[in-house]
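Undergrad: A structural model of the following input is requested.
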Amino acid sequence: MCVTDVLTREQRHRNMSKIRSTGTGPETKLRHSLGSLNFVYQPRGIFGKPDFANAGARVAVFIDGCFWHRCPRDFVVPKTETGFWLEKIGRNVERDRAVNRELKKQGWRVVRVWEHDVRKSPGGVVARVRKALG
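TA: The predicted structure follows:
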């Protein structure tokens, strides 16, 4: 059964264009805690554009959205434009892997957390980042 979108193509486009890639709720939630650990929010010049980085300790933190990065717990296959979305999200996942490999090659430790982890247990995320700091 194919369920059609209740929004027009233009309305859907407008909605999707409003989704931010920076300044998200999960990023805002961690900004203060990680700042106290000498992490910079949206650091410049680091491959893959991590959400936070501590250049001295060479630790990069990425907060991955459950939909955009195919969270094994929360991802739901879209009912419309399924092929488009699966291809797009598949490219995101592949890019994440390539970024991880390159940063590790450059001597960085990479911490990737799901947005649901930040929302439900920000303290647990901070503990993971502390552990990565050594």
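
Undergrad: Let me know the average pLDDT across the longest helix seen in the chain.
TA: Longest helix of the chain, by residue count under DSSP state H: helix 82-105. Averaging pLDDT along helix 82-105 gives 96.

Undergrad: what packs against that helix?
TA: strand 59-64, strand 109-114 (3 or more C-beta pairs under 8 Å, 6 or more residues apart in numbering; DSSP states H and E). Just so you know, the C-beta spots here come from the backbone N, C-alpha and C atoms, and that holds for glycine as well.

Undergrad: show me what contacts Glu81?
TA: Residues near Glu81 by C-beta atoms under 8 Å, 6 or more residues apart in numbering: none.

Undergrad: That one and Arg9, how far apart?
TA: From Glu81 across to Arg9, the span is 10 Å (C-beta to C-beta, to the nearest Å).

Undergrad: what's the answer for Arg31, then?
TA: The value you get for Arg31 to Arg9, if C-beta to C-beta is used, is 36 Å.

Undergrad: isn't Phe75 right up against Trp68?
TA: No - look at Phe75 against Trp68 with C-beta atoms under 8 Å: they stay out of range, at 9.3 Å.

Undergrad: So if I had to pick from the two, which one is more boxed in?
TA: Between Phe75 and Trp68, Trp68 has the larger neighbour count (other C-beta atoms under 10 Å), namely 17 against 14.

Undergrad: Regarding that one, what is its secondary structure?
TA: coil (DSSP: H, G, I helix; E, B strand; the rest coil).

Undergrad: Just give the closest residue to it, not the sequence neighbours.
TA: What sits nearest to Trp68 in space, not counting adjacent residues and going by C-beta to C-beta, 6 or more residues apart in numbering, is Asn92, at 5.7 Å.
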